[in-house]
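Asker: sequence first, predicted coordinates after that:
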Amino acid sequence: MGKTAIPSVFPAEGTYELSTLHVNLSCAAPHAVIRYTTDGTEPTSNSPVYHREAGLIPVKHTDGVESVTIRAFAQADGLQPSDTVAFTYRFACRPKGVFRHSLLRESSDTVAGLIRIEDFDLDRMYLIIGQKRAALIDAGWDYDGDLPALCHALTGGLPVDLLIAHGHPDHIAQAEKFIEYGCKVYAPYADKSMKQLDCGLDFTHIEDLKGGMRFDLGGTVLQIYATPGHTPGSVVVLDENTGDLFASDSFGSNRREIPDSAWLQLSGYSLESCLRSLETFLDAAGNKCKRIFTGHNAEMMDAQQYLSTLRKAMHNAVDNGAACLSPSLRSAAESFGSGSIAVEGDWRHDPIWAAANLQFLYDVDTQQDPPRYAPGFDPKIKTIL
Ligand SMILES: [Zn+2]
């Protein structure tokens, strides 16, 4: 009797600058059952079976845990079990209080300068430098360190406005410091009371940020568009001169390490209304967008390609309903209860894949009492992150 092929993983084992990674196990032998452990013990015939439908395996950095090893073997009918293989993931998280930055474009007489800033959690912020002022999009998750001082140094002392594109905790942390620094801080008042993930911002010294506003940086004007869905107050920021679209979490991100990251419905919006929000934006400004910078992607993407892929995924689900949904790549517990995604492209090899996690499929569902959730959504799951 032959042996079953050994299991494989994606992403590959190695060292990651992340605190959580999601790992997929697979086996070349069709229908093989894969059993695994993550606690360092040898897997046995009693170990958990890997089910892709139940979500990828979360591999997490916690205090005192520098690495996690997945051990797994596979067994197909009529064959002997494979050898056990081990895949080790090491975490090299950056300490809090340290912001890394990289220059994406130098300022010139005709275009704004652009600098990407990352915090310990790899939340991405963008500093846009005009001739008279600068604007920083979002304020990260790191309460330590001094981001306004860094922005001051990076702009040679230009006044810096902070534009918080939505009120989630991983986008607001340095807001107070900007206020103390004397900067103008803007955030959507519509995010003051969110159904999930409390905003946590003290709006006393913050001005409202909403669609239609314009910020003149000198030679560059940033235009604000309302894109409700991810949160009620979510906005995106467009530099019409360069076609740079700063989307924060409005249109998700498609980072491979956190698959399913397009949480478009955290505030109870139906997929249909999220799609309308995207299409309203595309109608108003879609043809002006060249590159999209999200709150979590490592690199910019082609805006036309990414937004049309996302639109296709959402359209497909709205038009065809539950039948075209796929199981979430994360477990429901990690996806705000969402066990289903509308997806286009394959996150493993398509750099422009896009997905939306679902609570509700149709508008009517959000108004029903009790609401009718999308298949796979577990409303009991409230614990997040
Ligand atoms: Zn968010």
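Answerer: Perfect, I can see it now. Numbering: from 1, shown residues only.
Asker: so how many other residues sit close to residue 15?
Answerer: Neighbour count for residue 15, taken as other C-beta atoms under 10 Å: 12. No exception for glycine: its C-beta is placed from N, CA and C like everyone else's.
Asker: the helix or strand that contains it - contacts with which helices or strands?
Answerer: Residue 15 belongs to strand 14-16 when assigned by DSSP states H and E. In this structure, strand 14-16 makes packing contacts with strand 85-91, judged by 3 or more C-beta pairs under 8 Å, 6 or more residues apart in numbering; DSSP states H and E.
Asker: distance from the chain centre to the strand it packs on, please.
Answerer: 24 Å (C-alpha atoms, centre = their mean, to the nearest Å).
Asker: show me which positions of the helix or strand just after it end up buried.
Answerer: Where DSSP H and E defines the elements, the next helix or strand beyond strand 85-91 is strand 100-105. Under the neighbour-count criterion of 16 or more other C-beta atoms under 10 Å, strand 100-105 has 101, 104 buried.
Asker: what's near enough to touch the residue in the stretch 201-350 of the chain that the ion sits nearest to?
Answerer: Distance from the ion to each residue of the stretch 201-350 of the chain (C-beta to the ion) is smallest for residue 249, at 3.6 Å. Residue 249 makes contact with 165-166, 168, 171, 230-231, 234, 263, 294-296, according to C-beta atoms under 8 Å, 6 or more residues apart in numbering.
Asker: apply 6 Å and report the result again.
Answerer: By C-beta atoms under 6 Å, 6 or more residues apart in numbering, the contact set of residue 249 is 230, 295.
Asker: with residue 191 instead?
Answerer: Taking C-beta under 6 Å, 6+ apart as the criterion, residue 191 is in contact with 166-167, 199, 231, 233.
Asker: partners of the strand holding residue 15, with directions?
Answerer: Counting by DSSP bridges, the strands paired with strand 14-16 are strand 85-91 (parallel).
Asker: go through the strand it pairs with and flag the buried ones.
Answerer: 85, 87, 89, 91.
Asker: redo these as TSV? Include distance to the ion and pLDDT.
Answerer: Below are the buried residues of strand 85-91 laid out as TSV (distance: C-beta to the ion, whole Å; pLDDT from 0 to 100):
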residue	distance to the ion	pLDDT
85	36	98
87	30	98
89	25	95
91	23	90
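Asker: so what touches the helix or strand of the chain with the lowest mean pLDDT?
Answerer: Least confident helix or strand of the chain, by mean pLDDT, DSSP states H and E, is helix 363-367 with a mean of 80. Outside helix 363-367, the residues that touch it by C-beta under 6 Å, 6+ apart are 268, 270, 272-273, 360, 371-372.
Asker: any weak-confidence spans in the protein?
Answerer: Within the chain, the stretches with pLDDT under 70 are 195-198, 261-262, 382-385.
Asker: around the ion, pick out the residues from it.
Answerer: By the criterion of C-beta under 5 Å from the ion, the positions of the chain lying close to the ion are 168, 249.
Asker: which parts of the lengthiest helix in the chain are buried?
Answerer: Counting by DSSP state H, the longest helix found in the chain is helix 303-320. Using 16+ other C-beta under 10 Å as the test for burial, helix 303-320 gives 303-304, 306-311, 313-318.
Asker: between these, which sits nearest residue 36?
Answerer: In terms of C-beta to C-beta, no member of the buried residues of helix 303-320 lies closer to residue 36 than residue 313, at 29.6 Å.
Asker: and residue 205, how far is that from residue 185?
Answerer: The gap separating residue 205 from residue 185 is 7 Å, by C-beta to C-beta, to the nearest Å.
Asker: would you map out the domains in this protein?
Answerer: 7-91, 95-219, 251-385 (automatic domain parsing).
Asker: any idea how far apart the tips of the first one sit?
Answerer: It refers to domain 7-91. 22 Å (C-alpha to C-alpha, to the nearest Å).
Asker: how about the contacts of residue 191 in CSV, adding secondary structure?
Answerer: As requested, those are exported to CSV (DSSP: H, G, I helix; E, B strand; the rest coil):
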residue, secondary structure
166, coil
167, coil
199, coil
231, coil
233, coil
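Asker: tabulate the domains of the chain in TSV, adding columns for distance to residue 244.
Answerer: Output for the domains of the chain, formatted as TSV (distance: least, C-beta to C-beta, whole Å):
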stretch	distance to residue 244
domain 7-91	25
domain 95-219	7
domain 251-385	5
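Asker: can you pull out the helices in the chain?
Answerer: Under DSSP H, the chain gives helices at 147-154, 175-180, 271-285, 303-320, 363-367.
Asker: closest one to residue 129 among these?
Answerer: Taking C-beta to C-beta, helix 147-154 is the member of those nearest to residue 129, at 7.6 Å.
Asker: now what about that closest one, what contacts it?
Answerer: Counting by C-beta under 6 Å, 6+ apart, 99, 115, 127, 136, 160, 174, 177-178, 181 sit against helix 147-154.
Asker: give me the distance between residue 374 and residue 101.
Answerer: 39 Å.
Asker: distance of residue 86 from residue 13?
Answerer: Noted for residue 86: a distance of 8 Å to residue 13, by C-beta to C-beta.
Asker: about what we covered before: between residue 205 and residue 185, which one's more packed in?
Answerer: Shown here are residue 205 and residue 185; by other C-beta under 10 Å, residue 185 has more neighbours (26 against 12).
Asker: contact partners for the more buried one?
Answerer: Residues in contact with residue 185 (C-beta under 6 Å, 6+ apart) are 162, 175, 178-179, 206.
Asker: over to residue 322?
Answerer: The contact partners of residue 322, taken as C-beta under 6 Å, 6+ apart, are residue 375.
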